[in-house]
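1. let me see the structure of the following:
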Amino acid sequence: MTLRLKNRPFKYREISRITGNFGRVIGEGGFGKVYLGTLDNGTTVAVKTLSKSSKQGYKEFQAEVQLLMLIHHGNLVSLFGYCGDSKNNALIYEYMANGNLRQHLSEDHPKVLTWSKRLQIAVDAAKGLDYLHNGCKPPIIHRDLKTTNILLNEDFQAKIADFGLSKTFVTQNDSYVSSCPAGTPGYIDPEFHFSGIFNRKSDVYSFGIILFELITGRPAIMRSRDGNANMHILQWSIPIVESGDIERIMDPMLNGKFNISSAWKAVDIAMTCKPLSAIQRRDMSHILAELKQCLAVDVASQKVQNGEMESNSFFEMATLDLDCDSVPLAR
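-> So this is what the prediction gives:
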């Protein structure tokens, strides 16, 4: 992407041309529809338009543009440009060829994400969120983190999307009081329901739900086959975790192809994200460090299987203390 084409304003007629007169819809979000487009240099992009019926208005759109211009990280979806006037607004993002994470965890998806790939996606997403929380000053809170906002490029590198309408937080207690609805059912921090306060630990709770989805393959809100009953993923997962039945909690689509040590570590990390009290949840920097260790254990187990590492070296790595507070009683 050349500097001339990156982070520049586009005219509405350019947006129309880039998208082939808005010919192919590839998604829809809080702003409006998302269209596939191609820049003059051949770069494929995703063009997010602002719907006239959207609850987000012109001021929020301008705020998103100004914020995104300042944020650059390999695990955040990049902004290439924007179209901004009082009638027609759009954001031009990098195109993520493999869609969102939820699609790949669906039973209907033709290819199953391997356990190793799931751990790498968790690490990628944690890097992006850690940057928003600890690499931006003041920190940025996503407020709507979910598997449909974790996008995958052609190499299956994960990047966080739709963080642009997040607020920057300048209060002493690093919190933001919101009077308007935000977040998605299943991912919302339980404390928000009675406090109305979002903070970094609110995102940590949502990230924990994403980890449980990666582990189990199940959605945050699990619906019965007849559609008459719903169950939250934690209601289903926690009793199984506490019973020590790792085989039962793992996504059956994996067909048992996972390393048990790294699986338990991933479950332990997810458990540290879910306490009802935000103060009991870990910071993303700590969660990221633990996930990297979890991935290292999985990589080492594969090296043992391939004869590239001695089994005693793997045993030492697999028994490293990750300092998790919620280790199941049975293993």
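2. need the strands for the chain, in chain order.
-> 8-9, 25-28, 33-38, 44-49, 79-84, 89-94, 150-152, 158-160, 175-177, 197-199, 221-223, 230-232 (DSSP state E).
3. please produce a markdown table containing those, extended by distance to His73 and mean neighbour count.
-> Yep, even glycine has a C-beta here, placed from its N, CA and C like the rest. As requested, those are arranged in a markdown table below (distance: least, Cβ to Cβ, whole Å; neighbours: other Cβ atoms under 10 Å):
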| stretch | distance to His73 | mean neighbour count |
| --- | --- | --- |
| strand 8-9 | 20 | 11 |
| strand 25-28 | 22 | 14 |
| strand 33-38 | 21 | 20 |
| strand 44-49 | 18 | 22 |
| strand 79-84 | 12 | 22 |
| strand 89-94 | 12 | 25 |
| strand 150-152 | 14 | 25 |
| strand 158-160 | 8 | 23 |
| strand 175-177 | 21 | 15 |
| strand 197-199 | 21 | 21 |
| strand 221-223 | 29 | 14 |
| strand 230-232 | 31 | 13 |
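4. for Thr19, which of these is the nearest?
-> strand 33-38 (4.3 Å; Cβ to Cβ).
5. can you list contacts of that closest one?
-> 15, 18-20, 22-28, 44-49, 51, 92, 95 (Cβ atoms under 8 Å, 6 or more residues apart in numbering).
6. do that again at 10 Å, thanks
-> 14-28, 43-51, 80, 90-93, 95, 161 (Cβ atoms under 10 Å, 6 or more residues apart in numbering).
7. and for Pro286, the neighbour number?
-> Actually, residue 286 is His. It isn't Pro. 16 (other Cβ atoms under 10 Å).
8. for it, give its distance to Asn134.
-> For His286, the distance to Asn134 equals 10 Å [Cβ to Cβ, to the nearest Å].
9. and Arg200, by the same measure?
-> 8 Å.
10. what touches both of these two?
-> Contacts common to Arg200 and Asn134, judged by Cβ under 10 Å, 6+ apart, are 283-284.
11. those two: which is more packed in?
-> A side-by-side neighbour count of Arg200 and Asn134, using other Cβ under 10 Å, places Arg200 first with 22 against 14.
12. thought that one was touching Ile279?
-> No. Look at Arg200 against Ile279 with Cβ atoms under 10 Å: they stay out of range, at 11.5 Å.
13. hmm, back to that, mean pLDDT lowest where, among the strands of the chain?
-> Ranked on mean pLDDT, the bottom entry among these is strand 175-177, at a mean of 55.
14. output stretch 39-48 in PDB, but only the C-alpha positions, please.
-> Taking Å, rounded to 0.1, in the frame of the first residue of the first chain, the C-alpha atoms of stretch 39-48 are listed here in PDB:
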ATOM      1  CA  LEU A  39      -8.200   0.100  -5.100                       C
ATOM      2  CA  ASP A  40      -6.500   1.500  -8.200                       C
ATOM      3  CA  ASN A  41      -3.300  -0.400  -7.300                       C
ATOM      4  CA  GLY A  42      -5.100  -3.700  -7.200                       C
ATOM      5  CA  THR A  43      -5.400  -4.000  -3.400                       C
ATOM      6  CA  THR A  44      -8.600  -5.700  -2.300                       C
ATOM      7  CA  VAL A  45     -10.400  -3.800   0.500                       C
ATOM      8  CA  ALA A  46     -13.600  -3.900   2.600                       C
ATOM      9  CA  VAL A  47     -15.700  -0.700   2.400                       C
ATOM     10  CA  LYS A  48     -17.900  -0.100   5.500                       C
END
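15. go through the chain and flag its longest helix.
-> helix 284-305 (DSSP state H).
16. quick check: buried residues in it?
-> 284, 286-291, 293-301, 304 (16 or more other Cβ atoms under 10 Å).
17. average pLDDT across it?
-> 94.
18. quick one: list the elements packing against it.
-> Packing partners of helix 284-305 (3 or more Cβ pairs under 10 Å, 6 or more residues apart in numbering; DSSP states H and E): helix 115-130, helix 200-216, helix 260-273, helix 311-318.
19. which of these is buried the deepest?
-> Among the helices and strands packed on helix 284-305, ranked by average contacts under mean count of other Cβ atoms under 10 Å, first place goes to helix 200-216 (a mean of 25).
20. the inter-axis angle of that helix versus helix 115-130?
-> 170 degrees (axes from the mean of the first three to the mean of the last three Cα atoms, to 10 degrees).
21. can you list the weak-confidence ranges in this structure?
-> 1-7, 30-31, 51-64, 66, 85-86, 164-182, 308-331 (pLDDT under 70).
22. center of it - which residue?
-> Ile150 (3.8 Å; Cα atoms, centre = their mean).
23. ok, and the closest non-adjacent residue to that one?
-> Leu101 (4.1 Å; Cβ to Cβ, 6 or more residues apart in numbering).
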